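**Q** What follows is a predicted protein model with its sequence.
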Amino acid sequence: METRKLDCTGMNCPMPIVEMSKAVKQMSAGDLLEVTATDLAFKLDVEAWSRKTGHELESFDQSEVQVARIRIT
């Protein structure tokens, strides 16, 4: 299992989700994707994306820079 970090700071919706979708295609089940973003809608977007794709949103830290940790299924 590996952890991949994806920097989406400065990107606006829908680009963080687009970049996450690209990254997941190169990952294996059990890997962890750690995404940093500054888009104000990112939390709602990543929650919806996780439900739709079936990947597990393990944690979400919300501050000036948001960090989502997603376990790939």
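**A** Yep, it's here.

**Q** okay, now E56: neighbour count?
**A** 12 (other Cβ atoms under 10 Å). From N, CA and C alone the C-beta is placed, and that goes for glycine too.

**Q** Pull the contacting residues for it.
**A** 50, 70-71, 73 (Cβ atoms under 8 Å, 6 or more residues apart in numbering).

**Q** So for the most centrally placed residue in the chain, what's the pLDDT?
**A** Centroid check for the chain by Cα atoms, centre = their mean gives V35 as the closest residue, at 4.6 Å. Looking at V35, its pLDDT reads 98.

**Q** For it, list the residues it contacts.
**A** 5-6, 8, 16, 20, 46, 67-70.

**Q** can we see that at 7 Å?
**A** The neighbourhood of V35, defined by Cβ atoms under 7 Å, 6 or more residues apart in numbering, consists of 6, 8, 16, 20, 68.

**Q** Put together TSV for the contacts of E56, with pLDDT on each row.
**A** Output for the contacts of E56, formatted as TSV (pLDDT from 0 to 100):
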residue	pLDDT
S50	97
I70	98
R71	98
T73	95
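
**Q** quick one: which of those has the most company?
**A** Busiest of the contacts of E56 [other Cβ under 10 Å] is I70, holding 26 neighbours.

**Q** Buried residues in the longest helix along the chain, which are they?
**A** Assignment by DSSP state H gives helix 42-53 as the longest helix of the chain. Going by neighbour count (16 or more other Cβ atoms under 10 Å), the buried part of helix 42-53 is 42, 45-46, 49-50.

**Q** all strands for this protein, in order.
**A** Under the criterion DSSP state E, strands of the chain are mapped to 3-8, 32-37, 56-61, 66-71.

**Q** where does this protein dip in pLDDT?
**A** The chain contains no residues with pLDDT under 70.

**Q** Give me the contacts around the longest helix of the chain.
**A** Helix 42-53 has contacts (Cβ under 7 Å, 6+ apart) with 13, 16-17, 20, 56-57, 60, 62, 66, 68, 70.
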